[in-house]
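K.L.:
Following is a predicted model, sequence given first.
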Amino acid sequence: MKNTILKAELLSKTYSNGSIMQHVLKNLTIDIKAGDFTVIMGSSGSGKSTLLYALSGMDKPTLGTITFKGQEISGYSNDQLAIFRRKHCGFVFQQIYLNETMSVLDNIIICGLLVSRDKKAIAVKAKDMLLKVGLTAECYHKYPSQLSGGEAQRVAIVRALINAPEIVFADEPTGALNSTNAINVLDVMTDVNAAGQSVIMVTHDIKTARRANRILYLKDGVIIDELNLGIYVKDDPERHQILREFLESMGW
């Protein structure tokens, strides 16, 4: 039986605009097992990205607790949360946030150096991972401004995975990619998950979502249902149909 790696209990997030209160998340309880590939789906404004940021420690919940391997992190200071994220997490954002003054390779290496001093080994690993997402040697010394949006997104994904984080948080990681590059990226995410890393991803795309073993459907800040798909198997039409029927029953 898999152990729980991340747990949220009675999680709520409220924003205030003067006298108006916006309740984005409402008393959510989630248990993420080590090695799970969890996808969060729902309509725009349902709270998906807010939930992802709260679970990752990028944003603090208004109420409720979040624990990582039994250790509560929701009460951590900002500095403690930064250390937690550096040690245990990888992030793929909708906004890419590459350092514009560094080359592609250096953007990745500098993140690798947060946990290892072996710059040569990090560079070798970075080049291998870049190749797996369809980026060849000609891009290594380019700057972010010289990349297309899809290329920059793939660099950001490699940067997020370079340290083999225990949990990868991804917010629409294939949104800016064409179908071929999206498959390359999803293959990498599937491989790291198969190697034991947990993935928590927000997506609107059914082809992306079917890579997960677990789908959580969010509506108005509440998880209204979930679907367990089991281990991903390529070219499984039944899996796609089961997911489609589930999403249609949710009003997707």
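P.N.:
Cool, got the structure. Computed from a prediction, not measured in an experiment: that's the story for all the values here.
K.L.:
How many residues are close by the residue nearest to Pro144 when sequence neighbours are not counted?
P.N.:
Residue nearest to Pro144 in three dimensions, not counting chain neighbours: Leu98, with 4.2 Å by Cβ to Cβ, 6 or more residues apart in numbering. For every residue, glycine as well, the C-beta is placed using N, CA and C. Number of residues near Leu98 (other Cβ atoms under 10 Å) recorded here: 20.
K.L.:
residues making contact with the helix or strand containing Asp128?
P.N.:
Secondary structure from DSSP states H and E places Asp128 in helix 119-132. Contacts with helix 119-132, where a contact means Cβ atoms under 8 Å, 6 or more residues apart in numbering, come from 104-105, 108-109, 112-113, 116, 136-137, 139-140, 154-155, 158, 161-162, 184, 187-188.
K.L.:
If we go by neighbour counts, what in the helix or strand just after that helix is buried?
P.N.:
Using DSSP H and E, the helix or strand that follows helix 119-132 in sequence is helix 149-161. Buried residues in helix 149-161, counted by 16 or more other Cβ atoms under 10 Å: Gly150, Glu151, Ala152, Gln153, Arg154, Val155, Ala156, Ile157, Val158, Arg159, Ala160, Leu161.
K.L.:
that older thread, just the CA atoms of the helix holding Asp128, as PDB, please.
P.N.:
Provided in PDB are the C-alpha atoms of helix 119-132 (Å, rounded to 0.1, in the frame of the first residue of the first chain):
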ATOM      1  CA  LYS A 119      27.900  21.000 -12.300                       C
ATOM      2  CA  LYS A 120      29.200  18.600 -15.000                       C
ATOM      3  CA  ALA A 121      26.800  15.900 -14.100                       C
ATOM      4  CA  ILE A 122      23.900  18.300 -14.000                       C
ATOM      5  CA  ALA A 123      24.800  19.600 -17.500                       C
ATOM      6  CA  VAL A 124      24.900  16.100 -18.900                       C
ATOM      7  CA  LYS A 125      21.500  15.300 -17.300                       C
ATOM      8  CA  ALA A 126      20.100  18.600 -18.500                       C
ATOM      9  CA  LYS A 127      21.100  17.900 -22.100                       C
ATOM     10  CA  ASP A 128      19.600  14.400 -22.000                       C
ATOM     11  CA  MET A 129      16.300  15.700 -20.700                       C
ATOM     12  CA  LEU A 130      16.200  18.500 -23.200                       C
ATOM     13  CA  LEU A 131      16.600  16.000 -26.000                       C
ATOM     14  CA  LYS A 132      13.700  13.900 -24.600                       C
END
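K.L.:
No more questions from me, cheers.
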